[in-house]
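Visitor: Give me the fold of what follows.
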Amino acid sequence: MRPRILTLIALVAIAACGSQPPTPQVSVTAKQTPIGQLPDIDIDAVLAHTKVLSSDEFEGRAPGTKGEELTVAYLTDQFKKAGLKPGNTDGTYVQKVPLVGITPDPKTSLLFRNTSPSAVSGTAARRLKFKDDVVAWTKHVADTASIDNSEVVFVGYGASAPEYNWDDYKGLDAKGKTLIMLVNDPPVPDPANPSELDPKTFGGKAMTYYGRWTYKYEIGAQKGAAAVLIVHETGPAGYPFSVVQGKTGEQFDLVTPDKNMGRAAIEGWITLDQAKALLFLGGQDFDALKKQAATRDFKPVPLSLTASMTIHNTLRTIDSKNVLAKLEGSDPKLKDEYVVYTAHWDHFGKTPEGIFHGAQDNAIGTAGLLELARAFTKLAAPPKRSVLFVSVTAEEQGLLGSQYYSVTPIYPLAKTLANINMDGLNVHGRTKDLTLIGYGASDLDDYARDAAAEQGRVVHGDAEPEKGFYYRSDHFNFAKQGVPALDPDEGVDFIGKPPDYAQKTRDDYTEHRYHKPTDVVLPDWDLSGAREDLRLFLAVGYRVAQADKMPEWKPGNEFRAKRDAMLKK
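Guide: Residues are numbered from 1 along each chain as shown. The predicted structure is shown next:
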């Protein structure tokens with residue numbers, strides 16, 4: 001689950017105008033069953049499931065633990081009781097997801113040496129403490145991973161984007177080097193209004209995939225870098241460094257044929273303060289380089305530094321599990337096409353800090369998935385197309401369960417009409433609105449808009465598109481492969497609550513419960529808003545499954561070409 005921090009100004013703007021981008025105001029859901037005539041959601045059952053999944057007994061639902069065994073058994077049992085068929089073609093309710101768990105020895109550090117210390121008043125080296133100053137890991141399936149006197153280069157935002165005529169690697173041979181780069185997209189001013197960002201470059205205010213930390217590690221590996229280190233800044237990242245520090249224990253990855261040796265040996269984050277000190281040690285000024293990095297003319301800046309680090313690993317391989325259930329479609333010609341709902345079941349397990357219960361993240365989303373599935377079985381007749389319900393593993397490890405399904409799908413993606421993902425649900429009561437992350441991306445947003453209108457509500461985009469939330473949950477793996485994907489989040493205009501209520505509740509959650517053992521079911525939860533949202537999700541999926549045509553990406557969307565190519569095969 002991704003945290004979101006809303007500004008009061010953004011909330012006011014949303015309340016005033018709905019924050020809607022221009023979209024064709026043509027109903028995509030004409031002649032459909034009204035939302036009020038679709039089955040209701042048993043919200044008491046949603047709460048009961050959430051309490052079970054986030055209980056001490058389930059030990060935080062980490063992959064490869066007793067918590068996973070209990071979770072998979074519980075979900076399978078509930079799908080069976082609801083009358084859903086096994087979702088896998090092998091007759092089971094599970095898809096095995098091969099994972100490797102890599103646990104770094106915390107007794108390590110990152111050493112930078114200055115190759116010309118006289119340039120900085122004789123300072124020769126700087127050692128960064130593991131977890132406090134640097135959070136680093138390796139995805140190599142090996143006992144150790146190391147860099148030794150690797151040359152250090154600052155590469156701005158680390159973006160290579162030909163469609164924007166942008167290359168932060170101009171003339172650089174990055175092989176064997178340690179790359180330091182900034183988080184998010186380059187903030188390029190609008191030539192017509194320098195106080196705003198250029199909407200034609202990296203999406204303007206909205207983050208593109210070039211701004212995601214996952215992309216930065218990917219491009220570093222493609223360039224042959226030995227290490228890729230991202231400078232953490234809370235604003236652009238969208239979360240504090242304490243969230244990054246949660247990555248100091250065991251991390252999972254998909255098992256690949258080359259044992260991930262094609263990736264950089266070391267990946268990680270360094271704090272802003274340490275980055276400033278390092279650049280000074282290397283004879284440069286951080287603020288000046290950051291300013292240069294927001295221009296097309298930026299060129300890589302070699303620092304008079306080398307980096308050395310060795311990480312010792314403990315390894316284990318496991319078969320984790322996605323849990324799948326299916327409602328078969330009623331149309332003989334269309335039942336081999338699918339609408340897919342997803343929600344991740346996993347969390348961070350049991351650590352010396354305590355049990356990470358993950359009630360909002362994402363026991364409640366998984367509970368919502370169960371009750372959506374049950375509601376579909378109460379329809380007078382199944383929809384024309386089939387509906388697949390997938391509770392995926394290892395989201396907290398980098399969206400791995402959904403990634404595995406998206407690259408080894410049980411059912412062809414060319415016959416998958418849509419993905420609707422639930423990463424958390426509203427626990428604070430009814431809203432007049434619904435947030436759609438990446439609003440305007442596909443026809444699915446129009447389905448959601450029409451269903452919301454039937455409830456007397458409006459939909460709008462995320463108040464902080466610069467945080468790139470569309471790339472940070474399980475739907476993204478479907479989108480990346482070309483499948484239109486809906487990423488809903490709770491509304492911000494709470495009925496009967498003051499204008500800053502959404503801000504306060506999100507801030508409170510982010511500070512006190514997000515990715516902490518304190519994410520538990522609270523006595524003041526009000527799931528009336530979750531019920532309304534789930535009914536909307538039900539309507540969207542049902543109507544897509546009944547529609548005369550497949551939903552499409554909007555013109556100009558970055559995933560449209562992938563979909564078009566897929567459907568031509």
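
Visitor: For the stretch 151-300 of the chain, just list every one of the helices.
Guide: Listed in chain order, the helices of the stretch 151-300 of the chain (DSSP state H, counting those that start in this stretch) span 213-222, 234-237, 241-244, 272-281, 286-293.

Visitor: average pLDDT for stretch 546-560?
Guide: Averaging pLDDT along stretch 546-560 gives 92.

Visitor: which residues sit against that stretch?
Guide: By Cβ atoms under 8 Å, 6 or more residues apart in numbering, the residues outside stretch 546-560 that reach it are 23, 28, 32, 208-209, 383-385, 417-418, 440-444, 447, 479-480, 482, 484, 544, 563, 567. Using the backbone N, CA and C atoms, a C-beta is placed for each residue, glycine as well.

Visitor: what do you get if the cut-off is 6 Å, keeping everything else the same?
Guide: Applying Cβ atoms under 6 Å, 6 or more residues apart in numbering, the contact partners of stretch 546-560 are 383-384, 417-418, 441-444, 479, 482, 484, 544, 563.

Visitor: Of those, which belong to strands?
Guide: Using DSSP state E, the members of the contacts of stretch 546-560 that fall in strands are 417, 418.

Visitor: and the least confident of the contacts of stretch 546-560?
Guide: residue 441 (92).

Visitor: how about the nearest residue to that residue, chain neighbours excluded?
Guide: Distances taken as Cβ to Cβ, 6 or more residues apart in numbering put residue 557 closest to residue 441, at 5.6 Å, once the chain neighbours are dropped.

Visitor: Equivalent analysis for residue 530, please.
Guide: Using Cβ to Cβ, 6+ apart and skipping residues adjacent in sequence, the residue nearest residue 530 is residue 425, 4.2 Å away.

Visitor: quick one: that neighbour from residue 70, how far?
Guide: 21 Å (Cβ to Cβ, to the nearest Å).

Visitor: Looking at the two, which one has more neighbours?
Guide: The neighbour count for residue 425 versus residue 70, taken as other Cβ atoms under 10 Å, is higher for residue 425 (28 against 17).

Visitor: Could you measure from that one over to residue 170?
Guide: 46 Å.

Visitor: Please apply the same query to residue 430.
Guide: Going from residue 430 to residue 170 by Cβ to Cβ gives 53 Å.

Visitor: The two: which is more packed in?
Guide: Neighbour tally, residue 430 and residue 170, criterion other Cβ under 10 Å: the higher count belongs to residue 430, 21 against 13.

Visitor: tell me how far the host helix or strand of residue 505 is from the chain's mean position?
Guide: Assigned by DSSP states H and E, residue 505 falls within helix 501-512. Centroid displacement of helix 501-512 relative to its chain, using Cα atoms, centre = their mean, to the nearest Å, is 19 Å.

Visitor: Would you mark the buried spots in that helix?
Guide: For helix 501-512, burial by neighbour count (16 or more other Cβ atoms under 10 Å) applies to 501, 502, 503, 505, 506, 509, 510.

Visitor: Mean pLDDT lowest where, among the helices of the stretch 151-300 of the chain?
Guide: helix 234-237 (a mean of 88).

Visitor: Quick one: the strands in the stretch 401-550 of the chain, in order.
Guide: Secondary structure of the stretch 401-550 of the chain, counting by DSSP state E, counting those that start in this stretch: strands at 416-421, 433-436, 458-461, 485-486, 488-489.

Visitor: export the ones you listed to TSV and tack on mean neighbour count?
Guide: Shown next, in TSV, are the strands of the stretch 401-550 of the chain (neighbours: other Cβ atoms under 10 Å):
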stretch	mean neighbour count
strand 416-421	26
strand 433-436	24
strand 458-461	22
strand 485-486	30
strand 488-489	24
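
Visitor: Let's have those strands in a markdown table, adding distance to residue 237.
Guide: Output for the strands of the stretch 401-550 of the chain, formatted as a markdown table (distance: least, Cβ to Cβ, whole Å):
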| stretch | distance to residue 237 |
| --- | --- |
| strand 416-421 | 22 |
| strand 433-436 | 20 |
| strand 458-461 | 20 |
| strand 485-486 | 23 |
| strand 488-489 | 18 |
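
Visitor: how much space between the spatially closest residue to residue 428 that is not a sequence neighbour and residue 43?
Guide: Counting by Cβ to Cβ, 6+ apart, the nearest residue to residue 428 once its immediate chain neighbours are dropped is residue 505, at 5.4 Å. With distances taken as Cβ to Cβ, residue 505 is found 19 Å from residue 43.

Visitor: which SS state does residue 318 fall under?
Guide: The three-state assignment at residue 318 reads strand, by DSSP: H, G, I helix; E, B strand; the rest coil.

Visitor: Would you check that it makes contact with residue 99?
Guide: Yes - contact criterion Cβ atoms under 6 Å: residue 318 and residue 99 qualify, at 5.3 Å.

Visitor: ok, those two, which is more surrounded?
Guide: Each of residue 318 and residue 99 has its neighbours counted (other Cβ under 10 Å); residue 99 has more, 24 against 19.

Visitor: tell me the SS of that one?
Guide: Residue 99 is classified as strand under three-state DSSP.

Visitor: Isn't it up against residue 252?
Guide: Yes - if you go by Cβ under 6 Å, residue 99 and residue 252 touch, sitting 4.5 Å apart.

Visitor: got the residue ranges for the strands in the stretch 151-300 of the chain?
Guide: Using DSSP E, counting those that start in this stretch, the strands of the stretch 151-300 of the chain run over 160-161, 166-167, 178-182, 189-190, 193-197, 227-231, 251-254, 266-270.

Visitor: So for residue 464, which of these sits nearest?
Guide: Smallest distance to residue 464 across those (Cβ to Cβ): 13.1 Å, for strand 193-197.

Visitor: picking that back up, now tabulate the helices of the stretch 151-300 of the chain in a markdown table and tack on mean neighbour count and distance to residue 342.
Guide: Shown next, in a markdown table, are the helices of the stretch 151-300 of the chain (neighbours: other Cβ atoms under 10 Å; distance: least, Cβ to Cβ, whole Å):
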| stretch | mean neighbour count | distance to residue 342 |
| --- | --- | --- |
| helix 213-222 | 20 | 18 |
| helix 234-237 | 16 | 25 |
| helix 241-244 | 18 | 22 |
| helix 272-281 | 19 | 34 |
| helix 286-293 | 15 | 36 |
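
Visitor: how about CSV for these, with distance to residue 193 added?
Guide: Shown next, in CSV, are the helices of the stretch 151-300 of the chain (distance: least, Cβ to Cβ, whole Å):
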stretch, distance to residue 193
helix 213-222, 28
helix 234-237, 21
helix 241-244, 33
helix 272-281, 28
helix 286-293, 19
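
Visitor: Residue 106 is nearest to which of those helices?
Guide: helix 241-244 (14.4 Å).

Visitor: No more questions from me, cheers.
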